[in-house]
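Participant: whatever this is, show me its structure:
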Amino acid sequence: MRFETNEAEEKNDAGGTLEDEDEGADDPNLQLELNVFRAQWMSELTLSSGASDLSGRLLRAKGLKRTQDIAREEKATELFLRAVQEEQNGAVYEAIKFYRMAMQLVPDIEFKINYSRPPDADRGGGSYMDNNVDGEIEDLLSYFEQELTLESSFPKICTPEMDLTQMHISALPREILMYIFRWVVSSDLDMRALEQLSLVCRGFYICSRDPEIWHLACSRVWGRKCTKLVPFKSWREMFLQRPRVRFDGVYISKTSYIRQGEESLDGFYRAWHHVEYYRYLRFFPDGHVVMVTTPEDPLLVVPRLRTKNIRMDSVLLGHFRLSQETDNQTKVFAVVCKRNEKATEFQRNRFCRRNPPPEAEHSFHVGLHLCSGGRQSFSKLVWIHHSCHITYKLTGETVITAFDLDSMYTPFFFARVKSYTAFSDQPL
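Facilitator: Below is the predicted model:
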């Protein structure tokens, strides 16, 4: 009964459909609208399917290109690092071949490589690099020495970057190279030039940290009694941190004041004068000091203070010493005097015939407190004492006159002069 009912319904539906088609066939406008609707519907379906296929193909192409770029960059990185390894081993031609292959794949591969990768396990120094979590090397000297030892059984100070027909500095023995470094420092203790020389390569960095050079420099500054490092860790640390006077420049003190002049003849006004003068202090590593008081501008005076042989009337020559007080303050004491100038026979006969003045020696004792000013270390000297000692040769009596340290005694400030260390006269 159920199958018969379904068949009857299907017949009725088919009949109804046939009847509708017959009715629709009789109406040509309706048939035309149906054809237009079907054509538009099929065109929309075709466009949507084509757009989705096109976007899919584009995405797949981009993904494939990205994968190829990553693979090309990885291959170029591998070739570039292989070239670096060959260059370190001394195989220059093999390194050039790998460099060329890497740059053909990725032209700017040199700037895309992360050089902070960990070292190979088969090479030494892995534990040293692992200890530096932040990527910073605390003891750069030990690291460079370890690297030079690992590269070859007979390490060289440096290697030439390209083939040379003449002898390279790396072929010199270490003793001769250290002697050259002592000439760079020179007797003027130009440790700044030594620090700049250490930036050339790893080998020069190691040579510039040689304890013997820094020990000699400390001995020149603090004397032969400088034999203990405590509380410093190295001679270099002592030279850089322990208070000392600087030799690569000049200390300058500028003093200015207002002085009242004479009243005019008519009494309507009185002139005022602005007085300005300079004091210069130039220290030398051998313990000598030069002091000049003059109104001349520093541009004229500073070049003339390069050596101790200065031709100026107001120049004072003498010696200085450093004193470490119990209150942890470093003081500089200097004794300066004028040069011995013998009077000519004409002057002696004409002016000193009847009452010759007593022969006496004049010396000036200066005490200064060494401190840091601004960003520079040991760049300021503050007055703590100034006196004049007159010693009569006939009686041996000494008269001391102490000066009051008022506002006229302004502090000295250090100014570095490059020309003072431009030439080396003697090695360290």
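Participant: that's a strand at Thr227, yeah?
Facilitator: No. Under the criterion used here (DSSP: H, G, I helix; E, B strand; the rest coil), Thr227 is coil, not part of a strand.
Participant: can you tell me how far it sits from His215?
Facilitator: 9 Å (Cβ to Cβ, to the nearest Å). Every residue, glycine included, has its C-beta placed from N, CA and C.
Participant: compare neighbour counts for these two and give me the winner.
Facilitator: For Thr227 against His215, the residue with the higher neighbour count under other Cβ atoms under 10 Å is His215, and the figures read 18 against 10.
Participant: quick one: secondary structure of the more buried one?
Facilitator: His215 carries the three-state label helix when classified by three-state DSSP.
Participant: quick one: low-confidence parts of the chain?
Facilitator: Counting by pLDDT under 70, the low-confidence segments of the chain come to 1-29, 45-56, 114-138, 145-156, 325-328, 340-358.
Participant: show me where it has its strands.
Facilitator: Secondary structure of the chain (DSSP state E): strands located at 249-263, 270-283, 288-294, 315-324, 330-337, 360-373, 376-392, 398-402, 412-416.
Participant: between the third one and strand 270-283, how many degrees?
Facilitator: Using axes from the mean of the first three to the mean of the last three Cα atoms, to 10 degrees, the inter-axis angle of strand 288-294 relative to strand 270-283 is 170 degrees.
Participant: residues touching Gly367, list them.
Facilitator: Residues near Gly367 by Cβ atoms under 8 Å, 6 or more residues apart in numbering: Lys331, Val332, Phe333, Trp383, Ile384, His385, His386.
Participant: buried ones among the residues you listed?
Facilitator: Neighbour counting over these (16 or more other Cβ atoms under 10 Å) leaves Lys331, Val332, Trp383, His386 as the buried ones.
Participant: so which of these is the closest to Ile252?
Facilitator: Using Cβ to Cβ, the shortest approach to Ile252 within the buried ones among the contacts of Gly367 belongs to Trp383, at 13.9 Å.
Participant: surely that closest one touches Tyr409?
Facilitator: Yes. With contact defined as Cβ atoms under 8 Å, Trp383 counts as touching Tyr409 (4.2 Å).
Participant: name the residues that touch stretch 412-425?
Facilitator: Everything outside stretch 412-425 that qualifies as a contact, by Cβ under 8 Å, 6+ apart, is 183-184, 186-188, 190, 192-193, 246-253, 279, 281, 298, 302-303, 306, 368, 373, 376, 378-382.
Participant: restricted to buried residues, select these in ChimeraX.
Facilitator: Selection command for ChimeraX covering only the buried members of the contacts of stretch 412-425, criterion 16+ other Cβ under 10 Å:
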select :184,186,187,188,190,193,246,247,248,249,250,251,252,253,279,281,298,302,306,368,378,379,380,381,382
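Participant: mind listing the helices for the chain?
Facilitator: With DSSP state H applied, the chain shows helices at 2-26, 28-88, 92-105, 126-130, 140-151, 174-185, 191-197, 202-208, 211-222, 235-241, 298-301, 345-351, listed in chain order.
Participant: dump the strands of the chain into a markdown table; add distance to Leu240 as well.
Facilitator: As requested, the strands of the chain are exported to a markdown table (distance: least, Cβ to Cβ, whole Å):
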| stretch | distance to Leu240 |
| --- | --- |
| strand 249-263 | 17 |
| strand 270-283 | 17 |
| strand 288-294 | 22 |
| strand 315-324 | 16 |
| strand 330-337 | 14 |
| strand 360-373 | 13 |
| strand 376-392 | 8 |
| strand 398-402 | 36 |
| strand 412-416 | 16 |
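Participant: of all those, which one is nearest Glu33?
Facilitator: Checked against Cβ to Cβ, the stretch from those lying closest is strand 376-392, at 96.4 Å.
Participant: ok, Thr391 touching Ala360?
Facilitator: Yes. Taking contact to mean Cβ under 8 Å, the distance of 6.3 Å between Thr391 and Ala360 places them in contact.
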